[in-house]
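Peer 1: have a look at this prediction, sequence included:
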Amino acid sequence: MKVLLAGYNVDADVLSELTAGQNRQDVTPETLSASYARISRDPRPIDELRRAARAEVEKARKSNSNIIFKMGHHSVAEHAVFNFDLIDISRLALEEIEKFRLCSYTEKSQRYQKLEGSFITPEEVRGKGYEGRFKEIIEKQNKFYAEMVEKGIEPEDARYITPLCTLGQVGMTINARNLELLVRRFASSGLAEVREIGKTMFDLAANIAPSIILFTAANDFDQKTYPELRAYFRGKWERKRRVSRRTTLVDYTKNADNKLVAALLHASSQISYQNCLRTVKDMKKHERETAVMIACRHMEFFDSTLREFEHIGLTFDLVMSSGCFGQMKRHRIATITSQQYEPELGVTIPPKIRGTGDEGRFKEICKETENVYREIAKTDQRAAEYVLTGAHKKRVLMTVNARELYHISRLREDPHAQWEIQELSAEMTKVAKEVMPLTMMLIGGKDKYLEIYKKVYGELPKVAPPK
């Protein structure tokens, strides 16, 4: 594992003087947080506040601590931004890192880049009776992956057999407020690798900006809440029915089309939303349809729908492989919660591996993997997930507004997207169109946008998506 502080934001005047060769002692984003925090109560112009903060860094740091700790205004920490290189991090740990929705990530693609077979042997496994079995099955998984690539199977399909302990890397941009949350959550993690990542990130950032990352200790809320919930529900309310349908729409905004039109009317008038709803009920079907058509008429393939679409929600119960979840977890505007991986859900076998005649070996390796998983899970179920493959599945609960579902569909139903998430997204949009056809009038993959738009409007949009 390697965690590097790749960069952080600095006052522009400091950068200018550094470029001119001047020695500075205030190269920290804390001065920006301190000066911006003073805007609400200090009548001076912002540039003067920045100069004052730069002139007295220790005073600025004390001000930050008081504002965040005593007054509870954590938002000032959002003005400090850090960039991290996270190198040789397991796929399992990357799932934990990318849960933080107000951050930016760019991850090494295991769809396009060939994997080299590198993996972590987690602390929870080292020195235990099953370490040999752990390494043995990982080597077998990686050997099968290499054979599939040698046969001409694309890495995006061959990677389904590789384990969650496979090493990857990600470039991450995060503000100090979210970094504090990450460090605190990671300090309470049940995985030693995750705890180490959080500690290292904190140590690097605290050297630069010690005054704005304050609440970082492991705590009962993060450590005990989910275990206590699991203990409460176990047995009496938890049922063993293994429903494993891939896509189920479990809840959605009722009368969504009417409510969307009412939201559009609300934004375009001076009447209450309750009156908008009453008005929409009196509208004819074609009048409601015209309203939505006007709302989307000038929309190109790269545009989002209007924000009023966010008032319409859908909740999906999904089952997907680790390989697919790696794509879906990036849609952080949605609310995504998930269970741990569960071998009983079976595995996803890429069609191209079935076509090689190697499906039997794929299943055999997965079965052996599950035996090792169960052996480790007797003492540490969370760490046992490291051995599972990209083909193993988990249940995901995903709540998404209509605007974000448009984005997911546009990106993930396009032929450039990974095949499993293409199928899953298509299933999601299909059931969404059934319950709210007007709201989903223009939904579809980017490659189909011209066709969909012409079907609705009888003409093409101004801009064609790139081929």
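Peer 2: Yep, it's here. Owing to the predicted nature of the structure, the values given are computational and were not obtained by experimental measurement. Numbers count the residues shown, from 1 in each chain.
Peer 1: contacts only, for residue 332.
Peer 2: Contacts for residue 332 (C-beta atoms under 8 Å, 6 or more residues apart in numbering) come out as 98, 100-102. Quick note: C-beta positions are derived from backbone N, CA and C, even for glycine.
Peer 1: report the buried members of these.
Peer 2: 98, 100 (16 or more other C-beta atoms under 10 Å).
Peer 1: how about the strands in this protein?
Peer 2: Here the chain has its strands, by DSSP state E, at 2-8, 81-90, 104-107, 167-175, 247-252, 313-321, 335-338, 393-401.
Peer 1: who wins for proximity to residue 297 among these?
Peer 2: strand 393-401 (21.1 Å; C-beta to C-beta).
Peer 1: mind checking how far residue 245 is from residue 342?
Peer 2: 15 Å (C-beta to C-beta, to the nearest Å).
Peer 1: okay, these two: which has more neighbours?
Peer 2: Remark: of residue 245 and residue 342, residue 342 carries more neighbours, 16 against 9, as counted by other C-beta atoms under 10 Å.
Peer 1: please name the bridge partners of the residue nearest to the more buried one when sequence neighbours are not counted.
Peer 2: Closest residue to residue 342 apart from its sequence neighbours, by C-beta to C-beta, 6 or more residues apart in numbering: residue 394 at 6.3 Å. Counting by DSSP bridges, residue 394 forms beta bridges with residue 320.
Peer 1: quick one: contacts for residue 394?
Peer 2: Counting by C-beta under 8 Å, 6+ apart, residue 394 has contacts 319-320, 322, 325, 338-342, 345.
Peer 1: also residue 104?
Peer 2: Neighbours of residue 104 in contact, by C-beta under 8 Å, 6+ apart: 172-174.
Peer 1: can you lay out these as TSV showing pLDDT?
Peer 2: TSV is the format used below for those (pLDDT from 0 to 100):
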residue	pLDDT
172	91
173	92
174	93
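Peer 1: would you mind checking those for buried ones?
Peer 2: Buried, going by 16+ other C-beta under 10 Å: 172-174, out of these.
Peer 1: what's the average pLDDT for stretch 393-404?
Peer 2: For stretch 393-404, mean pLDDT rounds to 97.
Peer 1: pLDDT below threshold where in the stretch 1-150 of the chain?
Peer 2: Along the stretch 1-150 of the chain, the parts satisfying pLDDT under 70 run over 24-25, 64, 67-73, 112.
Peer 1: go again with 80.
Peer 2: 6-7, 9, 11-12, 15-27, 32, 34, 36-41, 56-77, 108-114 (pLDDT under 80).
Peer 1: mind listing the helices for it?
Peer 2: In order along the chain, the stretch 1-150 of the chain carries the following helices (DSSP state H, counting those that start in this stretch): 12-19, 30-37, 46-55, 57-65, 91-97, 131-150.
Peer 1: just these: most buried one?
Peer 2: Of those, the one with the most neighbours on average (mean count of other C-beta atoms under 10 Å) is helix 30-37, at a mean of 26.
Peer 1: how about residues contacting it?
Peer 2: Here helix 30-37 has contacts from 9, 11, 14, 46, 49-50, 52-54, 57, 60-61, 63-64, 67, 73, 76-77, 79-80, 176, 209-212, using C-beta under 8 Å, 6+ apart.
Peer 1: in this structure residue 182 contacts residue 198, no?
Peer 2: Yes. If you go by C-beta atoms under 8 Å, residue 182 and residue 198 touch, sitting 6.3 Å apart.
Peer 1: nearest spatial neighbour of residue 368, chain-adjacent residues omitted?
Peer 2: residue 137 (5.8 Å).
Peer 1: hang on, I meant residue 185
Peer 2: Using C-beta to C-beta, 6+ apart and skipping the chain neighbours, the partner closest in space to residue 185 is residue 222 (5.4 Å).
Peer 1: residues contacting the one you found?
Peer 2: By C-beta under 8 Å, 6+ apart, the neighbours of residue 222 are 184-185, 187-188.
Peer 1: for it, give me the pLDDT.
Peer 2: 95.
Peer 1: got a list of what residue 194 touches?
Peer 2: Applying C-beta under 8 Å, 6+ apart, the residues contacting residue 194 are 93, 96, 186.
Peer 1: would you list every one of the helices in the stretch 251-400 of the chain?
Peer 2: Going by DSSP H, counting those that start in this stretch, the stretch 251-400 of the chain shows helices at 256-267, 273-282, 285-296, 322-328, 351-354, 359-377, 381-384.
Peer 1: okay, these in a markdown table with distance to residue 31 and mean neighbour count next?
Peer 2: As requested, the helices of the stretch 251-400 of the chain are arranged in a markdown table below (distance: least, C-beta to C-beta, whole Å; neighbours: other C-beta atoms under 10 Å):
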| stretch | distance to residue 31 | mean neighbour count |
| --- | --- | --- |
| helix 256-267 | 40 | 21 |
| helix 273-282 | 44 | 14 |
| helix 285-296 | 44 | 15 |
| helix 322-328 | 38 | 24 |
| helix 351-354 | 55 | 15 |
| helix 359-377 | 48 | 17 |
| helix 381-384 | 41 | 19 |
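Peer 1: looking at these, which has the lowest confidence?
Peer 2: When I compare the helices of the stretch 251-400 of the chain, helix 351-354 is least confident, with a mean of 89.
Peer 1: next one: that one to chain centre, how far?
Peer 2: Taking C-alpha atoms, centre = their mean, to the nearest Å, the mean C-alpha location of helix 351-354 is offset from the chain mean by 28 Å.
Peer 1: what packs against that helix?
Peer 2: Using 3 or more C-beta pairs under 8 Å, 6 or more residues apart in numbering; DSSP states H and E, the elements in contact with helix 351-354 are helix 155-158.
Peer 1: so what touches the helix it packs on?
Peer 2: Everything outside helix 155-158 that qualifies as a contact, by C-beta under 8 Å, 6+ apart, is 110-115, 145, 148-149, 323, 350, 352-353, 418-419.
Peer 1: and for stretch 361-375?
Peer 2: 130, 133-134, 137, 140-141, 144, 160-161, 163, 343, 347, 349, 353, 384-385, 387-389, 391-392.
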